[in-house]
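> sequence plus the predicted model coming up.
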Amino acid sequence: MTKLQEAFTGENTFIGFTVAGDPSIEKSVEYVVAMANAGADVVELGIPFSDPVADGPVIQAADLRAFAAGITTDKIFEMVATIRQQTDVPLVFLSYANKIFDYGYDRFYQRCEELDVSGTVIPDLPVEERDELVPIAQKHGVAVIPLVAPTSGERVAKIVSGSQGFIYLVSSLGVTGMRDNVANDLTTTIEKIKAVTDTPVAVGFGIHTPEQVKQMNQIADGAIVGSGIVKLIEEQPNNATDAITKYVQEMKGLAQVK
Amino acid sequence: MTKLQEAFTGENTFIGFTVAGDPSIEKSVEYVVAMANAGADVVELGIPFSDPVADGPVIQAADLRAFAAGITTDKIFEMVATIRQQTDVPLVFLSYANKIFDYGYDRFYQRCEELDVSGTVIPDLPVEERDELVPIAQKHGVAVIPLVAPTSGERVAKIVSGSQGFIYLVSSLGVTGMRDNVANDLTTTIEKIKAVTDTPVAVGFGIHTPEQVKQMNQIADGAIVGSGIVKLIEEQPNNATDAITKYVQEMKGLAQVK
Amino acid sequence: MQEMKSETNQTGRFGEYGGQYIPETLMSEIDRLTAAYNHYKNDPDFKAELKDLLINYANRPSLLYHAKRMSADLGGAQIYFKREDLNHTGSHKINNVLGQILLAKRMGKTRIIAETGAGQHGVATATVAALMGMECEIFMGKLDTERQALNVYRMELLGAKVHAISTGTGTLKDAVNAAMQEWTRRMDDTHYVIGSTMGPHPFPTMVRDFQSVISKEIKAQLLQETGKLPDAVVACVGGGSNAIGAFYHFIDDSSVKLIGCEAAGKGIHTDQTAATLETGRIGIFHGMKSLFCQDDDGDIAPVYSISAGLDYPGIGPEHAALQAQKRVQYVGITDDEAVDAFEYIAQTEGIVAAIESSHAVAYVKKLAPTMRPDQIIVCNLSGRGDKDVAAIARYRGVDLHD
Amino acid sequence: MQEMKSETNQTGRFGEYGGQYIPETLMSEIDRLTAAYNHYKNDPDFKAELKDLLINYANRPSLLYHAKRMSADLGGAQIYFKREDLNHTGSHKINNVLGQILLAKRMGKTRIIAETGAGQHGVATATVAALMGMECEIFMGKLDTERQALNVYRMELLGAKVHAISTGTGTLKDAVNAAMQEWTRRMDDTHYVIGSTMGPHPFPTMVRDFQSVISKEIKAQLLQETGKLPDAVVACVGGGSNAIGAFYHFIDDSSVKLIGCEAAGKGIHTDQTAATLETGRIGIFHGMKSLFCQDDDGDIAPVYSISAGLDYPGIGPEHAALQAQKRVQYVGITDDEAVDAFEYIAQTEGIVAAIESSHAVAYVKKLAPTMRPDQIIVCNLSGRGDKDVAAIARYRGVDLHD
Ligand SMILES: Cc1ncc(COP(=O)(O)O)c(C=O)c1O
Ligand SMILES: Cc1ncc(COP(=O)(O)O)c(C=O)c1O
């Protein structure tokens, strides 16, 4: 069982997202560690991109803060090295294809392997284009986490077959952001996935309350929260540790919602 | 012999021009009388028009001054009535066709007859269009003075045949204004005219020195000065009487040029 | 009905209208022009070269476009647009300019002058002068050069010199005055390309002939597509060139209603109007006897329209005659109606038509619903409306800092 | 040479370029679009309706114009211009928009979205959406909406809603991002009309097919007029749609030199450039693997050109492949050279060409003198330059208060 799959064995599996380098490299390290310490099962680290087409305004703004702090892919790997001194929480990267492609697939996944990064989520790499990258990632033991959307329909089987790590199920149409009503026909999609693979399924996009995390953990294997956390950093960039800790604990059901 | 033809019997025949109503009705009357008293053989009175296409900037500006003073065709006839109380100098109107047409040909020439106006110069009424007006003018004993241009060429005979009053010979190309070199091939044109008619020929456009007047009186029967006089009014609108008097006397050779 | 086609006589009379009311200085040149035109209009070489330019430069024939959505929406006659807006330089003006400049070239001229209001005719003239390698000077009212600074630059870009005329009202009429004066000063090497069916003979006839390609094409195109004549032809009327071009070959077809749409501005009962045929009276100006907007004393009155191309105090003499003969009906279209029509055709057919042409479209909006679906209206779209977008925005209270 | 024609495979690869690098959320829609396109492109009804619209609405075929004065002046090859500027709405963009919106209609869509830079593609899209009675929303960078306020109003006039996008650099690239996002949010009733040969498959292929009418016409027109193939075809390259349209039917004719002119801005050795093919490197963006201007870390770099239509950090994948195959030569043209050419063609031929197209004209100025008078260059004039006159004036230091 891989480190990632292990992360899905507990209760209320929770994946927290933050943009690497938001609002600074030091603080970003601190917030990742805080999430891990607060009980996050996986931390997803966004690699900022000039044109984050799949992200909403909250994460776009975080990317800008990270760029302002001088973030680069190399610095992100340095960040991870620092993180790794404090926690061995499973880490995955969220990155647009070009950042990895331009860094060099092999070089990128080699660094991931060295730093114990378990997987990559690439929003603009659908199954049709996966082959150029998956063999390289596999060579380095890094999962390429497939995304499934409510609109995937007949494509589901093709997408999830042979999947590793976990499957990222997009909860609703559109880009990342906070939504109050998460689409309800997720169950059907999850059934389709489960018919093909037993790779765990985590639901993301639009999740931001403990109830939603609990609900997702009932119909799927875990929940991903992005904008909810990034918003806390936006509100108090240099002092978000307590807020993040509390938020993650609530999501994990380890603390009461105030 | 008509009153107009008689005007051409002396030395240095001189026709002075002013715009009716420039700069005011009273002053305009005064300046016409001054010209007559200073020895002008004929006074040509311009009827201001909104679009004086055949006139240069000096006379255009005079038209605007006259309009500002509230001039109308009716008021011009009133002006002439006043002038007629002070002088019986031969008068001709310079008018664009529309002013006469819109006033009514018959009504216009009737008033001319009543006020002893001897002729009309209509710059935009070439020989081709003359027939609609000449019979009416003739009925009222008013001459329609034909214009001949340096470009008239073979047209001269047609233009001057049957002419009355005098013939207005345009000295050079273009619109009215002061020019230093009056075209020299006038002689040829005058010969063409004289071959057809013995109606006197007055040369206009661009004449403004006593020498020119003298020269024109040698090759033709008279000279017309427009802008030169209008310029004096432009310079001292309400006090031009002395300047005009002196100017006309010089032109007539009755005074020394200072 | 033969005389209906209003063939001009020797001095270019259309009934009592027309003629040659210009200074004697210009008359010999006008005589030469008339002779040259009468010669070349029947010269096979000239005709072939003009035809080639119309096809291969101006992009003729222009489309005859069946506006199905608009026809359906108005629920009456079938509406066809004659797409002069698709000509090179964007309006019908090029038809005339090509003809006149080609003629000027045959006459040995090397220099072209022209007046322009909003700039359409000036741009067309500068364009063809560039194409034919001739010197070009454009006369434009000072006010217009300020309102249409972009078109001034466009003409300069095409190699023309633009004179800003500050006499009078500083608008189109004064530009004509200035161009006439310039022609008087220098005619040996210079031809004055008048931009509409106005001025002294032979201009109204010559410009009409050059524009009559419009109705010639309409007739052939519509016959081919429907086997029928139109029931009505509608065109806007400034000086009258696009309208006479669209009407000409239908004048003898008494079943075809012809309607000219002039600019009523704020309304024909206000003093903010340019509706010459409805509010003007007979007069003599710019070389012709015709109808003019005048004040009580025979001076030319200032006129007003949102459309710079229709903002002219006179009308071509042939139109005055066609109105007198009751062969053509002339109607006034207000700014409001024209702007509504400008927006309507954009949203219904995806065509941004000139505000001038929109006056014709506005009348079509009224006329079509009164007709049967088996009837046909042809509306001449004399130009494209790109030039008008900013003004329409302003009219609608939108402030564009472009 | 058969493979030279770079027929796309199932996932739209041109050599290593192309593909479908977009979020999974959109993939089913993209699959549907691909299927629909593959079906309708061979459907006689669809083809007939598109042909009718191209002829009777877009005003095709566009002229192939022999620029005799320019040919003589440059003293080399005979120069022909393919006059896409004479199309309705003033550029080649309409060819693609008609095809895509017709397809969208067949797919049951009722709403159209599109990105636009300077506004040409937005105006064409708003136009055809109006014609077909479809809802239309246009995404445009905030900076561009300010620079091109007039075009914003023009689109609104045509009934479109315009969204000003303030993320990123507020220019074309961000408009594409925003349109993609919007499509992700709402695809059931919505088709995203991409304006160039870019984006995920099937767009580069589909747009190329819709634009290939240009080279089809050139070939037929030139054969008819001269009995020959051209020796060279020159076109400007932004995303690459007018160029591939002009090249496509010549790709297999190895005697025909094909040259794409990209915007070098202040020069390809400065950081003020948009010359992707010369200065970019391979990457993945906007749904495709292709060449992009990028910084050291794989972020998309800001680009610069005087021409808004060429001011894009990427290039269609087929061009990347054609460059790799050395079938097409790509050259950079600076702002200065383009502006000179803009003025040159205006003064020589009376044609105000788009500043985009002027990049191609600039290269023709260099190429023609190196060729023989019996050789032929066809240069694609992708659009008209009315929209550019103010910017050119500014470039020349003339202040227009329009
Ligand atoms: C597009 C357009 N239509 C119409 C006109 C009016 O002229 P005319 O009445 O001579 O057709 C103009 C004049 O500028 C114009 O530009
Ligand atoms: C006139 C014109 N030409 C060329 C282009 C560049 O696009 P493409 O490379 O897709 O032809 C544009 C884009 O806006 C344009 O408007």
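Received the coordinates, thanks. Ligands and ions are numbered 1, 2, ... in the order given.
> what does stretch C:218-230 contact?
C:61, C:64, C:66, C:80, C:82, C:233, C:246, C:249-250, C:253, C:255-256, C:376-378 (C-beta atoms under 8 Å, 6 or more residues apart in numbering or on different chains). (C-beta placed from N, C-alpha, C; glycine too.)
> start and end of stretch C:200-217, how far apart?
27 Å (C-alpha to C-alpha, to the nearest Å).
> quick one: average confidence on stretch C:67-77?
Average pLDDT, stretch C:67-77: 98.
> tell me if that stretch is near chain D.
Yes - using C-beta under 8 Å from any C-beta of the partner chain, we find that stretch C:67-77 touches chain D at C:Arg69.
> for that stretch, what is the distance to the chain centroid?
26 Å (C-alpha atoms, centre = their mean, to the nearest Å).
> stretch C:249-258 now?
On C-alpha atoms, centre = their mean, the centre of stretch C:249-258 falls 19 Å from that of its chain.
> just give me the neighbour total for whatever residue of the stretch 51-200 of chain A ends up closest to chain C.
As assessed by C-beta to the nearest C-beta, chain C sits closest to A:Pro57 within the stretch 51-200 of chain A, at 27.0 Å. A:Pro57 has 12 neighbours, counted by other C-beta atoms under 10 Å in any protein chain shown.
> middle-most residue in chain A, spatially?
For chain A, the residue sitting closest to the mean C-alpha position, by C-alpha atoms, centre = their mean, is A:Glu44 at 3.4 Å.
> could you look up the SS state of the closest residue to it other than its chain neighbours?
Setting aside the residues directly before and after it, A:Glu44 is nearest to A:Phe17 in space (C-beta to C-beta, 6 or more residues apart in numbering or on different chains), at 4.3 Å. Put simply, A:Phe17 is strand when judged by DSSP: H, G, I helix; E, B strand; the rest coil.
> residues touching A:Phe17, list them.
A:Val43, A:Glu44, A:Leu45, A:Gly46, A:Leu94, A:Gly204, A:Ile224, A:Val225, A:Gly226, A:Ile229, A:Val230.
> mind redoing it with 7 Å?
By C-beta atoms under 7 Å, 6 or more residues apart in numbering or on different chains, A:Phe17 lies in contact with A:Glu44, A:Gly46, A:Leu94, A:Ile224, A:Val225, A:Gly226, A:Ile229.
> likewise for C:Thr116?
C:Gly122, C:Ile138, C:Met140, C:Ala175, C:Gly195.
> quick check: closest non-adjacent residue to the first one.
I take that to be C:Gly122. C:Thr116 (3.0 Å).
> and the one you found, its phi and psi?
phi -150, psi 150 (degrees, to the nearest 10).
> got it, and A:Gln218?
Torsion angles, degrees, to the nearest 10, at A:Gln218: phi -80, psi -50.
> identify the residues contacting the top helix by length along chain A?
For chain A, the helix with the greatest residue count under DSSP state H is helix A:25-38. Residues outside helix A:25-38 that contact it (C-beta under 7 Å, 6+ apart): A:16, A:18, A:20-22, A:43, A:45, A:69, A:75, A:79, A:82-83, A:86-87, A:89, A:233, A:238, A:240-241, A:244-245, A:248-249.
> contacts for the lowest-mean-pLDDT helix or strand in chain C, please.
Least confident helix or strand, chain C: helix C:142-147 with a mean of 89, by mean pLDDT, DSSP states H and E. Applying C-beta under 7 Å, 6+ apart, the contact partners of helix C:142-147 are C:Gly117, C:Ala118, C:Val152, C:Val162, C:Ala164, C:Ile165, C:Ser166, C:Gly170, C:Thr171, C:Leu172, C:Ala308.
> try 8 Å
So helix C:142-147 is contacted by C:116-119, C:152, C:162, C:164-166, C:169-172, C:175, C:308, D:401 (C-beta under 8 Å, 6+ apart).
> and the helix or strand following it, how far from the chain's centre?
Using DSSP states H and E, the helix or strand that follows helix C:142-147 in sequence is helix C:149-157. Centroid separation between helix C:149-157 and its chain, computed with C-alpha atoms, centre = their mean, is 20 Å.
> same thing with stretch C:170-181?
The answer for stretch C:170-181 is 17 Å, by C-alpha atoms, centre = their mean.
> buried residues in stretch A:2-17?
Across stretch A:2-17, burial judged by 16 or more other C-beta atoms under 10 Å in any protein chain shown covers A:Lys3, A:Leu4, A:Gln5, A:Ala7, A:Phe8, A:Asn12, A:Thr13, A:Phe14, A:Ile15, A:Gly16, A:Phe17.
> avg pLDDT for that stretch?
Here the average pLDDT along stretch A:2-17 is 92.
> tell me the pLDDT of A:Gly174.
54.
> what's the answer for A:Gly253, then?
Value listed for A:Gly253 in the pLDDT field: 86.
> next, it: phi, psi?
phi 80, psi 20.
> for burial, what's the neighbour tally of it?
Count around A:Gly253 with other C-beta under 10 Å applied: 16.
> that one contacts A:Glu11, doesn't it?
Yes - with contact defined as C-beta atoms under 8 Å, A:Gly253 and A:Glu11 form a contacting pair (7.1 Å).
> skipping adjacent residues, who's closest to C:Ile101 in space?
That would be C:Val128: by C-beta to C-beta, 6+ apart, it lies 4.8 Å from C:Ile101.
> tell me, how many residues neighbour the one you found?
30.
> the residue of the stretch 51-200 of chain A closest to chain C and D:Gly168, how far apart?
12 Å (C-beta to C-beta, to the nearest Å).
> before we move on, what about C:Asp43?
C:Asp43 is 62 Å from D:Gly168, by C-beta to C-beta.
> over to C:His191?
Taken as C-beta to C-beta, the span from C:His191 to D:Gly168 is 55 Å.
> between the two, who's got more neighbours?
Taking other C-beta under 10 Å, C:His191 and D:Gly168 do not tie; C:His191 has more neighbours (24 against 21).
> looks to me like that one is in a strand.
Yes - counting by three-state DSSP, C:His191 is located in a strand.
> would you confirm that C:Tyr312 contacts C:Ala118?
No - applying C-beta under 8 Å as the test, C:Tyr312 and C:Ala118 come out as separate, 10.9 Å apart.
> list the helices and strands the helix or strand hosting A:Val80 packs on?
Assessed by DSSP H and E, A:Val80 sits inside helix A:73-84. On a contact count with 3 or more C-beta pairs under 8 Å, 6 or more residues apart in numbering or on different chains; DSSP states H and E, helix A:73-84 meets helix A:25-38, strand A:91-94.
> save these as a markdown table, and put in distance to D:Leu222 and mean pLDDT too.
Listed next are those as a markdown table, based on distance: least, C-beta to C-beta, whole Å; pLDDT from 0 to 100:
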| stretch | distance to D:Leu222 | mean pLDDT |
| --- | --- | --- |
| helix A:25-38 | 61 | 98 |
| strand A:91-94 | 53 | 98 |
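> and those as a markdown table, adding distance to ligand 2?
Shown next, in a markdown table, are these (distance: least, C-beta to the nearest ligand atom, whole Å):
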| stretch | distance to ligand 2 |
| --- | --- |
| helix A:25-38 | 40 |
| strand A:91-94 | 32 |
